[in-house]
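Asker: Need coordinates for the below:
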Amino acid sequence: MSQELLNKFKNELNIMGYSQRTIDTYMIYLNMFNDFVKKDLNEINNEDIVNFLSYLKTEKKVGSATLNLVLSAIKHFYIEFLKNNIVINIKLPKKAKKIPIVLTPKEIKQLISVIDNDRNKLIVEFIFSTGVRISECINMKINNLNFDEYTGNVISGKGNKDRIIILSKKWVEDYKKYLSNRKIHSEYLFCNNLGQSLSVDTIQKFLKIYAHKANIDKKISPHTLRHSFATNLLENDVNIRYIQQLLGHAN
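Answerer: Residues are numbered from 1 along each chain as shown. So this is what the prediction gives:
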């Protein structure tokens, strides 16, 4: 019975348009919860949830951010999906807010200068100059971009909110040259040798290699480029509400 409920919940998340990453994360934690309580999920009470979170914190050494995510998954399952009037009265420590790592304009130039692969160079420039999320970058299709107007459409980004991004004229020129020489036919803006979309892992790995090559002593990820995009605009007196729209942030 419990597994059947979890499968129905997963299907509902799919229908509601949640990202695959969110669905996978929710299902991992709910399946763990199901294994832990060893009872019908319809018979759960607040104490069961407290015991599970305590187990994760003490036995699995899970941090506050993950505990909050687990609790969100459980609340969504019971309150939104089952419409259960269960009282979930648990207060968890808030996730610690860290100052994001950003690259200076000089470091961005250093990073780009050492990239000897046309596709990888265009990826780094694309993320930094548009501020797209890594998931949005790897899923971007060529027909999502308007090269004549130097704009692009991010379709169903985080939170299912479409938005427009601005393309650099130089990047468009360089990408057109790259595309005319690309021997692999693919609908994706960037693809692997089989014409399929790239994995997040692929981009993360080459970023680390290039950062080391450029002697940049910072932990660089695709999200670092996105943070750097926002910071660069902010430092150049661009209105913060406009930056918010470009990033696709709710607040």
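Asker: Now the terminal residues of stretch 131-144, how far apart.
Answerer: Stretch 131-144 has an end-to-end distance of 16 Å (criterion: Cα to Cα, to the nearest Å).
Asker: what about the lengthiest helix in the chain, distance to the chain center?
Answerer: For the chain, the helix with the greatest residue count under DSSP state H is helix 20-37. The chain centre lies 19 Å from the centre of helix 20-37; the measure is Cα atoms, centre = their mean, to the nearest Å.
Asker: mean confidence score for that helix?
Answerer: Per-residue pLDDT over helix 20-37 has a mean of 91.
Asker: got it, and stretch 198-206?
Answerer: 94.
Asker: Give me the contact list for that stretch.
Answerer: 117, 120, 123, 134-135, 137-138, 188, 190-192, 221-222 (Cβ atoms under 8 Å, 6 or more residues apart in numbering). C-beta: built from backbone N, CA, C; applies to glycine.
Asker: Return the subset of those lying in helices.
Answerer: Going by DSSP H, the helices hold 120, 123, 134-135, 137-138, 222 from the contacts of stretch 198-206.
Asker: Quick check: the farthest pair among these?
Answerer: N120 and S135 (17.8 Å; Cβ to Cβ).
Asker: quick one: which of these two has more around it?
Answerer: N120 (19 against 15; other Cβ atoms under 10 Å).
Asker: Setting aside sequence-adjacent positions, which residue approaches the more buried one most closely?
Answerer: F206 (5.4 Å; Cβ to Cβ, 6 or more residues apart in numbering).
Asker: measure the one you found to K109 for me?
Answerer: Going from F206 to K109 by Cβ to Cβ, to the nearest Å gives 18 Å.
Asker: Repeat that for V102.
Answerer: The value you get for V102 to K109, if Cβ to Cβ is used, is 14 Å.
Asker: quick one: which of the two has more around it?
Answerer: V102 (19 against 11).
Asker: coming back round to it: restricted to buried residues, select the ones in helices among the contacts of stretch 198-206 in PyMOL.
Answerer: The PyMOL selection below is limited to those of those classed as buried (16 or more other Cβ atoms under 10 Å):
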select buried, resi 120+123+134+137+138+222
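Asker: of all the ones in helices among the contacts of stretch 198-206, which comes closest to I79?
Answerer: For the ones in helices among the contacts of stretch 198-206, the nearest to I79 is S135 (26.9 Å; Cβ to Cβ).
Asker: Hmm, that closest one is touching S19, no?
Answerer: Yes: contact status for S135 versus S19: in contact at 7.2 Å, counting by Cβ atoms under 8 Å.
Asker: And for the residue nearest to N120, the neighbour number?
Answerer: So F206, with other Cβ under 10 Å, has 17 neighbours.
Asker: hmm, back to that, need the contact partners of the longest helix of the chain.
Answerer: 2-3, 6, 9-10, 13-14, 18, 41, 44, 48-49, 51-52, 55, 69-70, 73-74, 76-77, 135.
Asker: Strands of the stretch 51-200 of the chain, start to end?
Answerer: 145-146, 151-154, 163-166 (DSSP state E, counting those that start in this stretch).
Asker: Deepest in the core, which of those strands is it.
Answerer: Most buried of those by mean neighbour count (mean count of other Cβ atoms under 10 Å) is strand 151-154; its value is a mean of 18.
Asker: and it, which strands flank it?
Answerer: If you go by DSSP bridges, strand 151-154 pairs up with strand 145-146 (antiparallel), strand 163-166 (antiparallel).
Asker: Give me the below-cutoff pLDDT ranges for the protein.
Answerer: 1, 93-99, 156-161, 242-243, 246, 249-251 (pLDDT under 70).
Asker: now do 80
Answerer: Low-confidence segments of the chain (pLDDT under 80): 1, 17, 19, 85-100, 155-162, 230-251.
Asker: How about stretch 63-79, which residues are buried there?
Answerer: Neighbour-count burial for stretch 63-79 [16+ other Cβ under 10 Å]: 66-67, 69-71, 73-74, 76-78.
Asker: Report the two of the residues you listed separated the most.
Answerer: Largest pairwise distance in the buried residues of stretch 63-79, by Cβ to Cβ, is 18.9 Å, between T66 and Y78.
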